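Chemist: What shape does this take:
(4 chains)
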There are 2 protein chains.
Amino acid sequence: MSVADRKAREKEALKMLILKGAKKLFIEKGIEQTTIRNIADEIDYSVGTVYVYFKDKNAILHDLHSIGFQELGGYFKELFSIEDPMERLRKMGFIYIKFALENQEMYDLMFNLKAPIEFLTNCDNEDWNEGTTTFGALKETVHQCMQKEHFKGHTLEPLTFMIWSLVHGMCCLEIRQRTKGVKFNNPDTILYDGYNEFLKIIEKL
Amino acid sequence: MSVADRKAREKEALKMLILKGAKKLFIEKGIEQTTIRNIADEIDYSVGTVYVYFKDKNAILHDLHSIGFQELGGYFKELFSIEDPMERLRKMGFIYIKFALENQEMYDLMFNLKAPIEFLTNCDNEDWNEGTTTFGALKETVHQCMQKEHFKGHTLEPLTFMIWSLVHGMCCLEIRQRTKGVKFNNPDTILYDGYNEFLKIIEKL
DNA sequence: TTAAAAAATGAACATTGTTCAAAAATAAAA
DNA sequence: TTTTATTTTTGAACAATGTTCATTTTTTAA
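Modeler: Numbers count the residues shown, from 1 in each chain, chains lettered A, B, ... in the order given. As a prediction, the model looks like this:
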């Protein structure tokens, strides 16, 4: 191993350290409430160093948003072993909501904040690979459901988007505290009453 | 009319002027990109004056979020004349999406931003009247649908929340630019392909 | 041991929301 | 009308933020 190799590894390590510190603070005190100085303090480096490794705050948020998608992938792992696509779709909905509620700041970053998308636009990058891949996974399962004679009369792409919108809408309203006027039976609102109604709906399609 | 009355009227007028200026700038250049100084400049007053009429930026955002709900109410007006609840529900979905797409910054403020809710919390106000009222209107229509034997096997409150989540989810993903990976047929994506699929879904419930 | 290259630093800048003593404008009193 | 009291408006000043960059420190190569 050359010195250049080690340097590259160290560079990568420090980049990860910054991201790890940032994520910790984001979860602890919220993304908006976390400053670059906070992040630098957290890992005992100076502000300037953070800017050596990241172009700006959006770059940090974008990288962390990608990490969020990796983590969602981890949640989704257990789905691979489910043969029946309808059963997989049901579980997928549950896991999606669970992930959103257990990782609210990360979910917000992945699907709501402007920063990650702004970063892509700034880099002249039209595509949003993380989202497209996840959407593709859902679409594949819906496709298999349709092959088994479910969802008659629906079109794959828009229907997939509807299912995504349904669970995303729930999570979004909950995370942004717009569910105050909704009277649920269960204390753990979305994950029980919401999810149950979601099950009823896809059953009828 | 006493002097005190006139003063009260003038005070109210200036408050409205500030809100009007703020709204104009929000729509023109985005909420995050608009500063208090911008708003003050827009209406030819000083920064300090803005703070005489509003406690802080959140107070402006909250009042503007309320105005947004009034405007949504304006969009909803034509629904009153529709007798058939199912037909009314369908039109309601269309108008909701239309409002969201035509007033993206306002929609964001009403249903996504933290500011209006933070303002309520700061005032020790637990309730979110604007949202609860709008949710109530949707719930009433869904209730009438159920009385006409639609939506068998569903529960009013959670089902209403599902329908809201569905349209909100679509609008949210579109406004926050998360629909890049979804291939629609129509150029006006959500309002046609999305809405059509929404129609198919509520038809089957 | 020394010179060159790389990495880390933190003071400095522009911009933000916010405050508040002072100034200006208005109303009430003499 | 003139003076006093009250209300309204002002903008300089403050702390906090994202960001930059000349300087210092550390590491590598000679």
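Chemist: Flag every residue of chain A that's near DNA strand C.
Modeler: A:Lys7, A:Lys11, A:Leu14, A:Tyr45, A:Ser46, A:Val47, A:Gly48, A:Thr49, A:Tyr51, A:Val52 (Cβ under 7 Å from any atom of the strand). Bear in mind the C-beta positions are built from the backbone N, C-alpha and C, glycine included.
Chemist: Please go through these and note which also touch DNA strand D.
Modeler: Intersecting the residues of chain A next to DNA strand C with the surroundings of DNA strand D, defined as Cβ under 7 Å from any atom of the strand, gives A:Lys7, A:Val47, A:Gly48, A:Tyr51.
Chemist: biggest separation within the residues you listed, which pair?
Modeler: By the measure Cβ to Cβ, A:Lys7 and A:Val47 form the most distant pair in these, at 22.2 Å.
Chemist: With neighbour numbers in mind, choose between the two.
Modeler: More crowded of A:Lys7 and A:Val47, by other Cβ atoms under 10 Å in any protein chain shown: A:Val47, with 13 against 10.
Chemist: Just give the nearest non-adjacent residue to the more buried one, would you?
Modeler: Nearest non-adjacent residue to A:Val47, counting by Cβ to Cβ, 6 or more residues apart in numbering or on different chains: A:Ala40, 4.8 Å away.
Chemist: quick one: what helix or strand has that neighbour in it?
Modeler: helix A:36-42 (DSSP states H and E).
Chemist: After that helix, which helix or strand is next? Please name it.
Modeler: helix A:47-53.
Chemist: Which positions in the lengthiest helix in chain A come out as buried?
Modeler: As assigned by DSSP state H, the longest helix anywhere in chain A is helix A:3-29. Residues A:Leu14, A:Lys15, A:Ile18, A:Leu19, A:Gly21, A:Ala22, A:Lys23, A:Leu25, A:Phe26 are the ones in helix A:3-29 that count as buried (16 or more other Cβ atoms under 10 Å in any protein chain shown).
Chemist: go on, stretch A:42-56?
Modeler: Buried positions in stretch A:42-56, judged by neighbour count with 16+ other Cβ under 10 Å: A:Glu42, A:Ile43, A:Tyr45, A:Val50, A:Tyr53, A:Phe54.
Chemist: Any residue of stretch A:118-133 touching chain B?
Modeler: Yes. Against chain B, stretch A:118-133 shows contacts by Cβ under 8 Å from any Cβ of the partner chain at A:Glu126, A:Asp127, A:Trp128, A:Gly131, A:Thr132.
Chemist: So which bits of chain A are right by DNA strand D?
Modeler: Close to DNA strand D, as judged by Cβ under 7 Å from any atom of the strand, chain A has residues A:3-4, A:6-7, A:34-37, A:47-48, A:51, A:55-58.
Chemist: what do you get if the cut-off is 6 Å, keeping everything else the same?
Modeler: Residues of chain A lying near DNA strand D by Cβ under 6 Å from any atom of the strand: A:Val3, A:Thr35, A:Ile36, A:Arg37, A:Val47, A:Gly48, A:Tyr51, A:Asp56, A:Lys57.
Chemist: and the longest helix of chain A, average pLDDT?
Modeler: What helix A:3-29 shows for mean pLDDT is 92.
Chemist: Now do it: which elements does it pack against?
Modeler: Applying 3 or more Cβ pairs under 8 Å, 6 or more residues apart in numbering or on different chains; DSSP states H and E, one finds that helix A:3-29 contacts helix A:36-42, helix A:47-53, helix A:57-76, helix A:104-111.
Chemist: quick one: is the last one near chain B?
Modeler: Yes. Contact between helix A:104-111 and chain B is present through A:Phe111 (criterion: Cβ under 8 Å from any Cβ).
Chemist: Can you name every helix or strand that that helix contacts?
Modeler: helix A:3-29, helix A:57-76, helix A:115-122, helix A:129-147, helix A:156-175.
Chemist: so of these, which one's packed in deepest?
Modeler: Mean neighbour count, computed with mean count of other Cβ atoms under 10 Å in any protein chain shown, is highest for helix A:156-175 among those, reaching a mean of 24.
Chemist: State the number of residues packed around A:Ala40.
Modeler: There are 19 residues near A:Ala40, going by other Cβ under 10 Å.
Chemist: likewise A:Asn112?
Modeler: 21.
Chemist: surely it meets B:Lys114?
Modeler: No. If you go by Cβ atoms under 8 Å, A:Asn112 and B:Lys114 don't touch, sitting 10.6 Å apart.
Chemist: Kind regards, and thank you for your time.
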